[in-house]
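In: Sequence first, then the predicted structure:
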Amino acid sequence: MPEYYEIPELPGRKFFRCEPLRASITIEECGRRWHSGNMRVGPPANGDDAHVSASPDASMRCLTCKGCAVGARHAGVQSANLSYLKGATVCGRCHQGCTRLIGKHLCVSCYNRQREYLLGKNAKGTKPVKLAPLHRRTITYVAAGRVLTKTLEHSVDMDELIVTVLRDEQHAVKFMPTLPANFLALRALEGA
Ligand SMILES: [Zn+2]
């Protein structure tokens, strides 16, 4: 916890020394910056799935604050997802930042390669060779005290699911090993 103080000229306002910003700021300013860094707006009017920060300038300034635990507390947000991936326009598959996401998940390049893969041929009519096989995968995690699962119909590896959850989940995330269903059934029998 930072140490708070007031200055005589501004009574009633609690300041603290913010090390990441190397500045003295108020609790309110800190919380505002955190919100600004974590701000996400709805899809643009053209109906595309891309999500972008309201103001690129503001979000650049607040990148430092986005993953800050002190900031989250000052913003009054409990157990926030403090990953730098949260809300980022980053492709779940290749993990590259991009200007827009197709289906809220893939960059244009990965989307096109997936489409070719699913069609079984690329534009030249030959079999696509670049893309690793796509499989249905599920990851289990805990967020805000609940056990949740995320399933992707098409994914190249588990990293894709981890990046997806860290990018899209609002709350702090703890990943759980995914246990086979028959193991869980055995556990249930043992407990009986
Ligand atoms: Zn990609």
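Out: Cool, got the structure.

In: And what about residue 86, helix, strand or coil?
Out: coil (DSSP: H, G, I helix; E, B strand; the rest coil).

In: Could you tell me the per-residue confidence at it?
Out: Here the pLDDT value assigned to residue 86 is 89.

In: quick one, phi/psi of it?
Out: Dihedral angles of residue 86 (phi, psi; degrees, to the nearest 10) stand at phi -60, psi 130.

In: wait, it sits on residue 163?
Out: No - shown here, residue 86 and residue 163 do not form a contact pair, counting by Cβ atoms under 8 Å, at 10.9 Å. Every C-beta, even on glycine, is put in place using the N, C-alpha and C of the backbone.

In: Find the residue at the geometric middle of the chain.
Out: residue 167 (1.6 Å; Cα atoms, centre = their mean).

In: Is that one in contact with residue 85, as I believe?
Out: Yes - counting by Cβ under 8 Å, residue 85 is a contact partner of residue 167 at 4.6 Å.

In: Show me the domain layout of this structure.
Out: 12-77, 79-180 (automatic domain parsing).

In: anything in the last one sitting right up against the ion?
Out: Yes - contact between domain 79-180 and the ion, assessed by Cβ under 5 Å from the ion, occurs at 91, 93-94, 107, 110.

In: can you pick the most crowded of those residues?
Out: Most neighbours among the residues of domain 79-180 next to the ion, by other Cβ atoms under 10 Å: residue 93, with 26 neighbours.

In: Return the residues in contact with that one.
Out: 105-107, 110, 155-156, 160 (Cβ atoms under 8 Å, 6 or more residues apart in numbering).

In: residue ranges of the strands in the chain, please?
Out: Using DSSP state E, the strands of the chain run over 4-7, 10-18, 23-26, 135-143, 146-155, 173-176.

In: Adding mean neighbour count, distance to residue 33 and mean pLDDT, write the ones you listed out as a markdown table.
Out: Shown next, in a markdown table, are the strands of the chain (neighbours: other Cβ atoms under 10 Å; distance: least, Cβ to Cβ, whole Å; pLDDT from 0 to 100):
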| stretch | mean neighbour count | distance to residue 33 | mean pLDDT |
| --- | --- | --- | --- |
| strand 4-7 | 11 | 17 | 91 |
| strand 10-18 | 13 | 9 | 92 |
| strand 23-26 | 14 | 8 | 92 |
| strand 135-143 | 15 | 24 | 93 |
| strand 146-155 | 14 | 29 | 94 |
| strand 173-176 | 14 | 23 | 90 |
